[in-house]
Structures are given as structure tokens and as C-alpha cells.
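Visitor: Need a 3D model of the sequence below.
(one chain, ligands or ions: 1)
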Amino acid sequence: MTSLVDKSLWQQGQVIDLKIDDLSNSGDGVGRWQDRVVFVTDAVPGDTLQVRLTRLKPAYGYGKKLQILEPSPDRIRPVCIVADKCGGCQWQAVAYSKQLQAKESQVQSALERIGGFETVPIRPILGAPNPLAYRNKVTYPLARGPGGTVKAGYYRRGTHQIVNLNQCPIQHESLNPLLVDAKEAIKAQGWSLYNEQKHQGRLRNLALRVSQNTGQTLLTLVTTGYLPNVQGQADQWLSEHSSLVGVCLNINPERTNKVFGEETRCLAGRLYLEEIFLGLRLRIQPTTFFQVNTAQAETLVSLVLEHLNLKGNETVIDAYCGIGTLSLPLAQRAAHCVGIEFHPESVAQARQNAALNGLKNTEFFAGAVEKLLLEISAQQSSPVDVVVLDPPRKGCDRIVLETLVEIGPNRIVYMSCNPSTLARDLKILCSNGYGLTMVQPADFFPQTTHVECVTFLEKAIF
Ligand SMILES: C[S@@+](CC[C@H](N)C(=O)[O-])C[C@H]1O[C@@H](n2cnc3c(N)ncnc32)[C@H](O)[C@@H]1O
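Guide: Numbering: from 1, shown residues only. Reported below is the predicted structural model:
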């Protein structure tokens, strides 16, 4: 086929008019110019833009928006004053209904393209009732600003430069005053701030957490080592903020992109906050995983419970169980629920959470799912009926999927925040005796490109 592109125009620096008609998975607007695809940041489907072509490949390229010639009806004014700089959100200028549409088609197309599914039993995406002020956890890197001030915020897109924030519209409102106060106090204490290029300085990150349903908050400083008068400051914060139940210190001396180090100490108050999740008391520590959108997580876990409709005699394995967010509601409805998780603090917390809720039919094992799954399922006194998978973004190791096929539970629930790895893994399971019966996307991360999804599989009957 001959290219329709006039090659003399497909040049870096060339200025073109471009109609945007889609959104890419990474959040860019997608337009078609002659027979090539052009990606543009800060673009909304329906916009007509004047764009300068920047990086070009034979079949596609990237452009920089110079001006909006005609705005899309789905273009809205961002609530956030740093929306055009901050790398935290990509879709503040996109109407929420359009964000939901894009996320649903992200899931659908991953399952078709990567998973090879011809028909996808997908349900309409569950939108968030409140697409703002939903984040119950934030972790900000810190840097020195003008006049010795302290900057805290997400990185500017594509860089490691901090975009300073005093409030963030997607974080829970009660975290805003804590952020402002913490920055002031860090400045007043004169603590040295960590410089990641030089691997010098002490204070690396400020981590804040809030319980959606109890209002309790937790403040954690991540440092490479000693901070003078940190105890005095922790006591002061605790006495000044009535929502604060703990001030903690996490030690991370390594040269790494990972935020948290292995050691976490409580300086004042306690090491955890308490959340009420679907009526269960859950203790959550600074470093243990918990879904960032409590309300949406409750909705999706409720859907899992409803769809599984357990009778009370089942054995369930919850792989990648964290602090038991899924294991405990499952244990309330099954004969026995076993959780597997490799983060030791989360396992300890899951056991405590089970005890706190009087759930004696649970067991939690610390270790990698790939190492423990087969052994643990073989130890059960009755066959495993249901396995729940909720892995990190990279999905399951192939060995986990092969083991799962060998164990052969009647039903598998796979929850995921990455449609691509989900589709890859479902393809393997569905090529080995399982059928995909339902796909339910849900928006846990409004204003961003991310999407959560739960899928249900059943063993095919031959
Ligand atoms: C997406 S979170 C899900 C946690 C939990 N299901 C929840 O909803 O809160 C994934 C969890 O898997 C754990 N994890 C990651 N890789 C693992 C592995 N190979 N084996 C066991 N656990 C793992 C992480 O520590 C994290 O707690």
C-alpha cells in the first residue's frame, strides 16, 4: 500500500491542524493526520488543535499543542491549578463521562488485542460517585524551594522536578491541612532534604494516609537516617491535629526509586490507622497496601461477594492478599480462607485484622505466591473451590497460572489494575480449561488514565 503522507510535511517542527478523536492508554489525545497517528498531551477527543510535530517515527509521531483552534464539548476547566504541569493526573481537562468511556474501551481493547477474546463479557464501567477528593493515601517527594521553603508534590510530567502543592483536589480533604503544616514544620526544623541525584541529605518523602470511614490520619516521614528533634516535632503534630492517630518514621537509606525502606517506627501515637471496610475493622500501617479509593474498593469487593454467592462450605485462597481486604469479607462467607502475601508486615496485619474481627477460619502465609500456592492448596483438607488473584501491575508469574490450572479450582476471580497484564494472564487461563464469564471495570482513579477491573472465570465443563 502506498503511504498517503506527503513526506515533505512529515518533518519535525512542522505545524499542522489536528482533530483529536481518541485517548491513548497513557493519557494522550490521539489524532490522525493523513495516514499517521499523532499523540498529543493535554488533548481532549473532539478538540481541533494547532500542533507542532516533535518526535516522529515512520507510522506515528508526537506533537506539542500550540493552541486550541476549536475546543471539544468534552473539554472542561480543570479543578486543579497545576493540572497542566503536574504528572499526577492526566485527564483533569476531560469530562468525567468521557474518562469513563476511555477506560472502558481500554479494558475492552486489551482483552481483544492481547487476550485474543472475540467476545468480551464486559459490563459498563462503575464510575466513582465522587471523582475528586477520593485518594486516601499520598506520598510526596520533597525538595527545597525559594527562600528555604519546602516543596512537596508529584513530579512534573516526564521529569523528576517537583510541582509544589498546598492542596490536591484528588486527595481526601483532611490531608490538605496536614500537608501545609508538615511543610511549614519541616522548614522550621531545618531538616536536610534528600537529593536523589547526589544521594545526599536526609528527609526523602512525606506520606499521608486517611481512613475514609473513621477520619483517622497517619503521617509518616521517610528518611535516610537521623533527624534532629524529630520526636519533639512528632509529639507536636499529634497534639495539634485531632484526626492524627500516629506519626511514624520509615528508614530508607538505599539509592532506590522505592519509597519505603524496610524499617518503620512509631514516633507518637500508633503505627496504624483504623478503617471500617464493609463493616470490618481493618488496621492499616504506613507501608501496607490498601486500595487508594476506599468507596470504590467497597463497591467492587461487594460485587465479588455477590457474584460468588458463597454457601459457607467453600475453601478459598486469596493470593496477593495484602492486609486481608478481600480475605476477611470472603472468610465471613466461606468455610475457610487462606491468604498469601510476601510483605511480612501485611501478613502480620492481616492476621491481626482477622483476630480483631473474630474470624477464626483464616490463615495467612508470608511468601511469594509462585512459591507457596501449590503447597498451600495441597495442605487443605478439602479441594480449593475459589482462588482470588489480585497481583501488582506486572500481573502473575506464568508459574502461578500454570499452578492454578493444576490445582483446578471451579472458579477464579482475577482483580487487576493493569488491563494489559490482565489480558495476557486471562489468555493463558482461558487456553487451559477456563472460561471468562464476566468483566467488570471500575474507576478507582478518576482524573488519571488508570482503571481497575475484576474478572470472573469458571472451569469449563467438558
Ligand atoms: C494489588 S495489591 C492487592 C492487595 C489486596 N488484595 C487488597 O486488595 O488490598 C498486591 C499485593 O500483592 C503483594 N505481592 C506482590 N507480589 C507478590 C508475590 N509475588 N507474592 C505474594 N505477594 C505479592 C503486594 O505486597 C501487595 O500487597
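Visitor: Wait, D17 touches Q50, no?
Guide: Yes. Assessed by C-beta atoms under 8 Å, D17 is found in contact with Q50 at 5.9 Å. The C-beta positions use only the backbone N, C-alpha and C, and glycine is treated the same way.
Visitor: higher neighbour count, these two?
Guide: Q50 (15 against 12; other C-beta atoms under 10 Å).
Visitor: got a list of what that one touches?
Guide: V15, I16, D17, L18, K65, L66, Q67, I68, L69 (C-beta atoms under 8 Å, 6 or more residues apart in numbering).
Visitor: give me that answer again for 7 Å
Guide: Contact analysis of Q50 by C-beta atoms under 7 Å, 6 or more residues apart in numbering lists V15, D17, L66, Q67, L69.
Visitor: quick one: terminal-to-terminal distance for stretch 321-328?
Guide: 10 Å (C-alpha to C-alpha, to the nearest Å).
Visitor: which element follows the biggest helix by length in the chain toward the C-terminus?
Guide: Assignment by DSSP state H gives helix 96-113 as the longest helix of the chain. Toward the C-terminal end, the helix or strand that comes next after helix 96-113 (DSSP states H and E) is strand 137-144.
Visitor: what about that next one and the ligand, touching?
Guide: No. Interface with the ligand: strand 137-144 contributes nothing (C-beta under 6 Å from any ligand atom), its closest point being 11.8 Å away.
Visitor: Can you name the residues in contact with that strand?
Guide: 150-153, 162, 168, 171, 175, 186, 193, 203-209, 259, 292.
Visitor: ChimeraX command to pick out the buried ones of those?
Guide: In ChimeraX, a selection of the buried entries from these looks like this (16 or more other C-beta atoms under 10 Å):
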select :150,151,152,153,162,168,171,175,186,193,203,204,205,206,207,208,209,259,292
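Visitor: can you tell me which of the contacts of strand 137-144 are in helices?
Guide: Using DSSP H, those in helices are L175, I186.
Visitor: Of the contacts of strand 137-144, which belong to strands?
Guide: Among the contacts of strand 137-144, the members falling in strands (DSSP state E) are V150, K151, A152, L203, R204, N205, L206, A207, L208, R209.
Visitor: circling back to that earlier point, tell me the one among the contacts of Q50 nearest to the ligand.
Guide: L66 (39.9 Å; C-beta to the nearest ligand atom).
Visitor: Look up the closest residue to the closest one, ignoring the ones flanking it.
Guide: Nearest non-adjacent residue to L66, counting by C-beta to C-beta, 6 or more residues apart in numbering: Q50, 4.5 Å away.
Visitor: Can you pull the phi/psi pair for that neighbour?
Guide: Main-chain torsions, Q50, degrees, to the nearest 10: phi -100, psi 130.
Visitor: Which among the contacts of Q50 count as buried?
Guide: The neighbour count (16+ other C-beta under 10 Å) marks nothing among the contacts of Q50 as buried.
Visitor: could I get the residues you listed as JSON lines with secondary structure and pLDDT?
Guide: Below are the contacts of Q50 laid out as JSON lines (DSSP: H, G, I helix; E, B strand; the rest coil; pLDDT from 0 to 100):
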{"residue": "V15", "secondary structure": "strand", "pLDDT": "95"}
{"residue": "D17", "secondary structure": "strand", "pLDDT": "96"}
{"residue": "L66", "secondary structure": "strand", "pLDDT": "97"}
{"residue": "Q67", "secondary structure": "strand", "pLDDT": "97"}
{"residue": "L69", "secondary structure": "strand", "pLDDT": "98"}
